[in-house]
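Asks: just the structure for this:
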Amino acid sequence: MKHDTVTPYNTQEEKKEQVAKMFDNIANRYDLLNSILSLGIHKGWRKTCVNLLKTKQPKRILDVATGTADFAIECARLNPQLILGIDISDGMMQFGREKLVKLKLDSLITLKNGNAETFDMPDNSFDAIVVGFGVRNFQHLEKGLINLHRLLKPGGQLVILEFSYPKNFMIKAGYNFYFSYVTPVVGKIFSKDTRAYTYLTESVKAFPNNEKFTGILDEIGFKKTFFKSLSFGIAAIYYGEK
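Replies: This next block holds a predicted model:
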């Protein structure tokens, strides 16, 4: 399936290299900006995601595009044996590791450089995989999802949290205004990389969301797939099992 490819800097570098550079550039302000731009709502979204994993009590969890490790930290509530977070931005993970030490979670959660498409561990390695605001940054969407399917144990759960695009006309108008005008201005005030926050809007619009994305999960072989819209459709949770 062909998707529009949106890159942060529109250079000749591969998308993953541009994304890594972008997140390295904004790492020191990422958590602050995330809270400001989402009005703090993103914390509740992650809690909802983790609640979907409770019934199966996963022992080994992979957090893809872990960033500053917020999703991995939320997964610690499930009392797993191991959480591994991977990301292509060492700058983001540096701040994540500092958080883990402060929260005394550094023995449970390990962060290492890696991406969904090429991460190499044995088949059936994890009981659950989570991805927070990361799938739209995959260089090759299906390739990344196929590898995640391989890494899951049979019956294992995939939970993805991603920005979405509202369908309601009034909500969509407000959303467009906020992400087209407010987000870049706030990003410019707090970050040296203004392109990062215009890329956010473009990548969300280009992403195959809602039924289109669950259709892709179905094609890859995930079962019991569904999506749940959050906060009037500005974000969505996608779920599937192997």
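
Asks: tell me where this protein has helices.
Replies: 15-26, 30-37, 42-51, 70-75, 90-102, 141-151, 169-177, 183-190, 195-206, 211-220 (DSSP state H).

Asks: can you put those in a markdown table and add distance to residue 116?
Replies: Where you see a C-beta, it was placed from the backbone N, CA and C, and this is true even at glycine. Converted to a markdown table, these look like this (distance: least, CB to CB, whole Å):
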| stretch | distance to residue 116 |
| --- | --- |
| helix 15-26 | 10 |
| helix 30-37 | 19 |
| helix 42-51 | 17 |
| helix 70-75 | 14 |
| helix 90-102 | 15 |
| helix 141-151 | 3 |
| helix 169-177 | 27 |
| helix 183-190 | 25 |
| helix 195-206 | 16 |
| helix 211-220 | 12 |
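
Asks: out of the ones you listed, flag the one nearest residue 58.
Replies: Across the helices of the chain, residue 58 has its closest neighbour in helix 70-75 (8.2 Å, CB to CB).

Asks: packing partners for the closest one?
Replies: helix 42-51, strand 60-64, strand 82-87, helix 90-102, strand 109-113, strand 126-132 (3 or more CB pairs under 8 Å, 6 or more residues apart in numbering; DSSP states H and E).

Asks: what's in contact with it?
Replies: With CB atoms under 8 Å, 6 or more residues apart in numbering as the test, helix 70-75 has contacts from 31, 43, 46-47, 49-50, 53, 61, 63, 66, 83, 85, 96, 99-100, 103, 105, 109, 111, 128, 130-132, 161.

Asks: and what of stretch 81-88?
Replies: Stretch 81-88 is contacted by residues 16, 19-20, 23, 59-67, 69, 71-72, 75-76, 93, 96, 108-116, 119, 126 when judged by CB under 8 Å, 6+ apart.

Asks: and what of stretch 45-61?
Replies: 70-72, 74-75, 77-84, 125-130, 132, 155-157, 159, 161, 228, 230-231, 235, 237, 239.

Asks: and the residues you listed, which are buried?
Replies: Buried by 16 or more other CB atoms under 10 Å: 70-72, 74-75, 78, 80, 83-84, 125-130, 132, 156-157, 159, 161, 230-231, 235, 237, 239, out of those.

Asks: name the single longest strand found in this protein.
Replies: Secondary structure assigned by DSSP state E gives strand 152-163 as the longest strand of the chain.

Asks: settle this for me: residue 69 is touching residue 93, isn't it.
Replies: Yes. Counting by CB atoms under 8 Å, residue 69 touches residue 93, with 7.4 Å between them.
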